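Visitor: please find the sequence and the predicted model below.
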Amino acid sequence: METVNIKINGVSYEVAAGSTILEAAHSVGIEIPTLCYLKEINEIGACRICVVEVKGARSLVTACVYPVNEGMEIVTNSEKVMASRRTNLELLLSTHDQNCLSCVRSTDCELQKLCRDYGVDGRRFTGSQEHYDIDDSAPHMIRDNNKCILCRRCVAACKANQAVGVIGPTERGFATHIACAFEAPLGESPCVSCGQCITVCPTGALTEKDDTDKVWEALHDPNKHVVVQPAPSVRATLGECFGMPIGTNVEGKMVAALRRLGFDGVFDTDTAADFTIMEEATEFVHRVKNGGALPLITSCSPGWVKFCETYYPDMIPNLSSCKSPQQMFGALTKTYYAQKMGLDPHDIVCVSVMPCTAKKFEIGRDDMSAAGDGIPDVDISITTRELGRMIQRAGIQFQQLPDEDFDPALGESTGASVIFGATGGVMEAALRTAVELVTGESAPAVDYKEVRGTAGIKEATYEVGGLKLNVCVASGLSNCDQVLKAVKSGEKHYDFIEFMACPGGCVNGGGQPTQPASVRNFVDLRGLRAKALYDEDAAKAVRKSHENSLLKKVYADYLGEPGGEKAHHILHTSYVKREKLF
């Protein structure tokens, strides 16, 4: 690696050539604060919180975009630098809604932390106090422009990562704000509900719709049988809500916490993920053998599904008709479990804990009522963040909890299901089963490492029973968009594609714990969280979905054959073309 010699605060360092001052300082243990900067997608130097002194420069420079060069002398903590940062923070606060006590991001707000660090109280300046109505028109989130600091991180995430670009800055001066085209409510835009804008927002301007009061109400209703299902990736991220290291698997403590919150059944979405693989692998083999629409594209990610329905409706026939694991679990709860326990499905409340804000949209989709009579498969979907807040409100000391197991009725799963939470996981899990369905023989290996990793697009070719299968995995809708364009143009040919709306998959979902830019820019969140899932998979005794003993029993006693009439009625769904109003 080529290096240059620089000085920071009077100390000599050797740092990577071509790095910015921000990156160089971080590499030697010096943190320079930022607000607008997000590595690779929002390098605009707009907020000027990261300003530093550079010897010879006429004014302070923005560390996030200013490159280092040989012999550069930098000061990050001079009186001039500190005064400038304080002034910039005071100007931001002059137009900011400072009702912090009631804000969901209080104590987890990047602006609040910087103001505390620099001793800023917001009293020095009084700016123009524009008032914006709160936009709660979308099913998954709340937008409060009164708390927006115009960092444009949400705009960058929506456009660069997700290829949607439904929001952007409008007006000028004090009237500048982030909005949809024509000032339309977010719920009327072609937003796909992925929530990536929420995870990068440094303040409380963007938050998920909090449905925890609905859960508390159900838990306190003696006439309701309330069950809960956490998604695979939640066990790898929930610990972050309680200060535990990134990538800590807290499955046992999560189960214990859910039980202490009062749920009547503490089950595992992983169980339904194994059913998803059985149905999806069966569907794939059927299409390969009988000439169905290929490539088959996974349907586990509701953000991706909505993107397809909105932007690529001609590809709807390629979507797997399988419900997502969340919806399959709810469907099995309201049918198989209700019958087994002698419960009226009207009296069951199914709560999901998801890494994904789009799941709040998904539970309201049409054709999601396996039990009929208008009974939804899933009643309430909350995010990892919301569960963290419920546990805190209940006074549960999370880190002190013992490790407990899921309830057995719908709590048995395999290693294949747990890796659903990482990009490539659904593909690998499907291959473990599809290969054996095609060949009729036990596969010698279960690790398909070619589709692992956090790269945005991955490709592989496998020889299976005399067939050559070309597969592709993509996460982040901009990457999905790129793959689809290559497929439609004939540049690429695939038989099976896994798409996840969020970059890195569910471990980086829109409902996961927020991390400040100081972490997002320098820590491999996706890799650390995914590792926890792959480690659990490797430790499992059973790693193929079709070998799940509970799954075999449910098919034998209730569903019949995978892909059969009853299984299709309960576990499959349909899609619609969605109009773009603008």
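Guide: Perfect, thanks for sending it. Numbers count the residues shown, from 1 in each chain.

Visitor: which residue would you name as the spatial centre of the protein?
Guide: Gly509 (0.4 Å; Cα atoms, centre = their mean).

Visitor: isn't Gly127 right next to Asp97, touching?
Guide: No - using Cβ atoms under 8 Å, Gly127 makes no contact with Asp97, being 11.8 Å away. Any C-beta I mention is one placed from the backbone N, CA and C, and that applies to glycine too.

Visitor: neighbour-wise, which of the two wins?
Guide: Asp97 (18 against 13; other Cβ atoms under 10 Å).

Visitor: how much space separates the nearest residue to the more buried one once chain neighbours are set aside from Thr333?
Guide: Ranked by Cβ to Cβ, 6 or more residues apart in numbering and with sequence neighbours excluded, the top spatial neighbour of Asp97 is Asn146, at 3.9 Å. To Thr333, Asn146 is 40 Å away according to Cβ to Cβ, to the nearest Å.

Visitor: equivalent analysis for Ile21, please.
Guide: Ile21 sits 54 Å away from Thr333, going by Cβ to Cβ.

Visitor: before we move on, back to that, looking at Asn146 and Thr333, which has the bigger crowd around it?
Guide: Shown here are Asn146 and Thr333; by other Cβ under 10 Å, Thr333 has more neighbours (29 against 18).

Visitor: help me confirm that the more buried one comes into contact with Leu410.
Guide: Yes - counting by Cβ under 8 Å, Leu410 is a contact partner of Thr333 at 6.9 Å.

Visitor: can you give me every residue that contacts the closest residue in space to Thr454 that isn't next to it in sequence?
Guide: Spatial nearest neighbour of Thr454, chain neighbours left out: Arg526 (4.5 Å); criterion: Cβ to Cβ, 6+ apart. When contacts are counted by Cβ atoms under 8 Å, 6 or more residues apart in numbering, Arg526 touches Ala422, Thr423, Thr454, Pro503, Gly504, Gly505, Val507, Asn508.

Visitor: mind checking which of those are in helices?
Guide: Within the contacts of Arg526, no residue falls in helices by DSSP state H.

Visitor: where's stretch 322-336 relative to the chain centroid, distance-wise?
Guide: How far stretch 322-336 lies from its chain's middle: 21 Å, per Cα atoms, centre = their mean, to the nearest Å.

Visitor: and it, what's buried?
Guide: Using 16 or more other Cβ atoms under 10 Å as the test for burial, stretch 322-336 gives 322-336.

Visitor: which one of those sits closest to Val227?
Guide: Thr333 (5.9 Å; Cβ to Cβ).

Visitor: show me where the stretch 1-150 of the chain has its helices.
Guide: Here the stretch 1-150 of the chain has its helices, by DSSP state H, counting those that start in this stretch, at 21-27, 79-93, 110-118.

Visitor: let me redo that: the stretch 351-500 of the chain
Guide: All helices of the stretch 351-500 of the chain, identified by DSSP H, counting those that start in this stretch, fall at 358-362, 384-393, 415-418, 425-439, 477-489.

Visitor: quick one, which of those helices gets closest to Arg260.
Guide: Of those, nearest to Arg260 by Cβ to Cβ is helix 384-393, at 8.5 Å.

Visitor: who does the closest one touch, helix- and strand-wise?
Guide: helix 212-219, helix 251-261, strand 348-354 (3 or more Cβ pairs under 8 Å, 6 or more residues apart in numbering; DSSP states H and E).

Visitor: out of the ones you listed, indicate the one that is most buried.
Guide: For the helices and strands packed on helix 384-393, the largest average neighbour count (mean count of other Cβ atoms under 10 Å) is found in strand 348-354, namely a mean of 27.

Visitor: picking up where we left off before, ok, which of the helices and strands packed on helix 384-393 comes nearest Cys36?
Guide: strand 348-354 (29.0 Å).

Visitor: elements contacting that closest one?
Guide: By 3+ Cβ pairs under 8 Å, 6+ apart, strand 348-354 packs against helix 212-219, strand 225-230, helix 325-332, strand 380-383, helix 384-393.

Visitor: distance of the residue lying closest to the residue nearest to the centre of the chain once chain neighbours are set aside relative to Gly303?
Guide: The shortest distance from Gly509 to any non-neighbouring residue, by Cβ to Cβ, 6+ apart, is to Pro355 (3.3 Å). From Pro355 across to Gly303, the span is 11 Å (Cβ to Cβ).

Visitor: list residues touching both of these two?
Guide: Common neighbours of Pro355 and Gly303 (Cβ under 8 Å, 6+ apart) are Cys502, Gly510.

Visitor: still on that earlier bit, nearest to Ala532 among the helices and strands packed on helix 384-393 would be which one?
Guide: It is, among the helices and strands packed on helix 384-393 and with distance given as Cβ to Cβ, helix 251-261, at 9.2 Å.

Visitor: in terms of secondary structure, what does the following helix or strand past that closest one contact?
Guide: Using DSSP states H and E, the helix or strand that follows helix 251-261 in sequence is strand 265-266. On a contact count with 3+ Cβ pairs under 8 Å, 6+ apart, strand 265-266 meets strand 225-230, helix 251-261.

Visitor: strand 265-266 pairs with which strands, and in what direction?
Guide: strand 225-230 (parallel) (DSSP bridges).

Visitor: report the angle between the strand it pairs with and helix 212-219.
Guide: Relative orientation of strand 225-230 and helix 212-219, computed by axes from the mean of the first three to the mean of the last three Cα atoms, to 10 degrees: 140 degrees.

Visitor: ok, and what's touching strand 225-230?
Guide: The contact list for strand 225-230, computed with Cβ under 8 Å, 6+ apart, reads 215, 218-219, 238, 254, 258, 262-269, 272, 326, 329-330, 333, 337, 341, 343, 347-353, 387, 410.

Visitor: list phi and psi for His177.
Guide: phi -160, psi 170 (degrees, to the nearest 10).
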